[in-house]
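In: I'd like to go over a predicted model; first the sequence, then the structure.
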Amino acid sequence: MTPTTLAPARRAERTDPAPPRTRRRLFLTPYLFVAPFYVVFAAFGLYPLVFALQLSFTNWKGAGEARFIGLGNYTYLLTSPEFWSSLGNSAVMWLLVVPVQIVGGLAAAVLLANARLRLRGAFRVAFIAPFVTPLVAMAQVWIVVFDSDYGLVNHLFQLVGLPQIDWLTSTVWAKPTLALLFLWKTTGFAIIILLAGLQAVPSDVYEAASLDGASRRRQFWSLTLPLVRRSIAFLVVVQTLAVFQMFAEPFVVTKGGPYGSTTTGGLYLYNHITSSDLGTGAANSFLLVLLVFALSLVSVRLLRSRDE
């Protein structure tokens with residue numbers, strides 16, 4: 001036989017399908033590589049979630065048999081003044097934190113995105129340093145600095161003739177003081193997110209706007225804000241979740257006081273856990289999830305561009 005007659009036969013042999021066992025092995029191999037993730041997720045993510053949902057319909061103190069009570073835990077929370085007070089405290093904290101952080105973080109990100117700014121690296125390190133500092137250590141510093149009698153802030157006020165303020169023991173000033181701690185801690189994260197959004201904008205857009213005669217202010221309102229809208233929406237969602245879950249700040253600094261004025265949703269949930277009221281605590285956690293989910297949807301819809 002000539003080589004020309006053998007070539008089609010060899011090509012036919014190469015295109016023959018693999019044996020069934022080999023095909024099955026090739027089909028299952030990718031799933032075997034990702035199987036550890038699903039096993040870990042099912043064990044430490046899905047199962048606790050399902051168990052907590054089931055627990056929210058029971059009266060269980062952590063020992064003995066869980067007694068099914070239906071929607072009793074949810075009814076108790078929705079009619080509890082303490083629950084609504086904790087949500088109100090979280091809402092006030094949100095108003096004190098998120099708008100200020102968006103405006104201030106965007107202004108800082110615009111400055112850091114300027115290539116002509118000197119010591120940009122030093123400023124970036126200074127902004128991110130509080131974010132990577134342990135929160136408990138910063139909270140202890142906050143207690144010392146804002147102490148009513150011996151704190152540094154009141155000492156400075158006294159030097160310039162201003163009245164001293166009960167920063168951590170007054171129902172009026174306790175929440176702003178905690179909000180300032182939260183801003184100090186997390187604004188660096190906000191700047192990173194917004195700076196990444198700014199750096200993703202092509203420079204050609206600004207060059208074209210400059211050629212058309214657009215001023216810097218016009219470029220900011222017509223180009224910068226619309227193009228970083230998704231970064232802003234993401235930051236609003238993440239910070240909304242963080243504010244309503246806030247626990248360490250009020251727990252370390254004020255213990256939820258004075259008179260419950262700094263008892264946030266996260267700290268109120270923790271109080272149920274420490275009192276072994278696990279069923280109510282589970283119901284509280286799911287109510288917080290639903291609330292944050294609804295607020296996130298509203299925020300994303302308000303910040304969504306018209307062409308999306």
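Out: That came through fine.

In: Go ahead and confirm Trp142 touches Ala179.
Out: No - Trp142 is not in contact with Ala179 according to C-beta atoms under 8 Å; the separation is 11.5 Å. Just so you know, the C-beta spots here come from the backbone N, C-alpha and C atoms, and that holds for glycine as well.

In: ok, and for whichever helix in the chain runs longest, which residues are buried?
Out: Scanning the chain for the helix with the most residues, using DSSP state H, yields helix 81-112. Taking 16 or more other C-beta atoms under 10 Å as the neighbour-count basis, helix 81-112 is seen to contain the buried residues 83, 86-87, 89-94, 96-98, 101-102, 105-106, 108-110, 112.

In: Measure how far that helix is from the centre of its chain, please.
Out: Using C-alpha atoms, centre = their mean, to the nearest Å, we find the averaged C-alpha position of helix 81-112 to lie 12 Å away from the chain's own average C-alpha position.

In: same question, stretch 165-177
Out: Here stretch 165-177 shows a centroid-to-chain-centroid distance of 25 Å under the convention C-alpha atoms, centre = their mean.

In: Now do it: everything it contacts.
Out: Residues from elsewhere that reach stretch 165-177 (C-beta atoms under 8 Å, 6 or more residues apart in numbering): 89, 92-93, 96, 142-143, 146-148, 151, 153-154, 157, 253-254, 257-259, 261-262.

In: got it, and stretch 283-296?
Out: Identification of contacts with stretch 283-296 by C-beta under 8 Å, 6+ apart yields 52-53, 56-57, 73-74, 77-78, 83, 87, 236-237, 240-241, 244-245, 265-266, 268-269, 272.

In: re earlier: give me the buried stretch members for the helix or strand following the longest helix of the chain, please.
Out: Remark: after helix 81-112, the chain's next helix or strand is helix 120-132, criterion DSSP states H and E. Residues Arg124, Phe127, Pro130, Phe131 are the ones in helix 120-132 that count as buried (16+ other C-beta under 10 Å).

In: How about stretch 189-206?
Out: Phe189, Ala190, Ile191, Ile192, Ile193, Leu194, Leu195, Gly197, Leu198.

In: Buried residues of stretch 144-164, list them for me.
Out: With burial defined by 16+ other C-beta under 10 Å, the residues of stretch 144-164 counted as buried are Val145, Phe146, Asp147, Gly151, Val153, Asn154.

In: Average pLDDT for that stretch, rounded please.
Out: Per-residue pLDDT values over stretch 144-164 give a mean of 89.

In: ditto for stretch 95-102
Out: Stretch 95-102 comes out with an average pLDDT of 92.

In: which residues in the stretch 201-308 of the chain form helices?
Out: 203-211, 216-219, 225-227, 229-244, 248-253, 265-274, 278-303 (DSSP state H, counting those that start in this stretch).

In: how distant is the second one from the center of its chain?
Out: Per C-alpha atoms, centre = their mean, the displacement of helix 216-219 from the mean C-alpha position of its chain is 30 Å.

In: Packing partners of that helix?
Out: For helix 216-219, the contact count by 3 or more C-beta pairs under 8 Å, 6 or more residues apart in numbering; DSSP states H and E identifies helix 203-211 as packing neighbours.

In: distance between the helix it packs on and the chain's centre?
Out: Chain-centre distance of helix 203-211: 34 Å, with C-alpha atoms, centre = their mean.
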